[in-house]
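Visitor: give me coordinates for this.
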Amino acid sequence: MSIATRRDGEWLIVHRCLACGVLRLNRVAGDDNAVALTRLAVRPLANLREMVALM
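Guide: Modelled structure (predicted):
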């Protein structure tokens, strides 16, 4: 899972089906956990730092 944004700034949750591998986008809802969404949004940056540290 990850987060994507539209041009208008709206956040979307990106997820992949475990059965068939299809990627889907779901709009973020007002009652979604903001902390969990932020953690998803910065996770790729954390992974990039780990990769750079290994180089």
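
Visitor: so residue 39, which of the three states?
Guide: helix (DSSP: H, G, I helix; E, B strand; the rest coil).

Visitor: what about it, neighbour count?
Guide: Counted with other C-beta atoms under 10 Å, the neighbours of residue 39 add up to 12. Any C-beta I mention is one placed from the backbone N, CA and C, and that applies to glycine too.

Visitor: also residue 36?
Guide: Once other C-beta under 10 Å is used to define contacts, residue 36 is seen to have 11 neighbours.

Visitor: next one: residue 25
Guide: Residue neighbour count, defined by other C-beta under 10 Å, stands at 10 for residue 25.

Visitor: touching, it and residue 16? I think so.
Guide: No: using C-beta atoms under 8 Å, residue 25 and residue 16 do not qualify as a contacting pair, with a distance of 11.0 Å.

Visitor: and the contacts of stretch 34-46?
Guide: Taking contacts as C-beta atoms under 8 Å, 6 or more residues apart in numbering, the residues outside stretch 34-46 that touch it are 1, 2, 3, 11, 13, 28.

Visitor: CSV for those, including distance to residue 43?
Guide: Listed next are those as CSV, based on distance: C-beta to C-beta, whole Å:
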residue, distance to residue 43
1, 9
2, 7
3, 8
11, 14
13, 12
28, 15
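
Visitor: just put those in JSON lines and tack on neighbour count, distance to residue 36 and pLDDT.
Guide: JSON lines is the format used below for the contacts of stretch 34-46 (neighbours: other C-beta atoms under 10 Å; distance: C-beta to C-beta, whole Å; pLDDT from 0 to 100):
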{"residue": "1", "neighbour count": "10", "distance to residue 36": "10", "pLDDT": "76"}
{"residue": "2", "neighbour count": "13", "distance to residue 36": "12", "pLDDT": "83"}
{"residue": "3", "neighbour count": "17", "distance to residue 36": "10", "pLDDT": "88"}
{"residue": "11", "neighbour count": "17", "distance to residue 36": "12", "pLDDT": "93"}
{"residue": "13", "neighbour count": "18", "distance to residue 36": "10", "pLDDT": "91"}
{"residue": "28", "neighbour count": "14", "distance to residue 36": "10", "pLDDT": "95"}
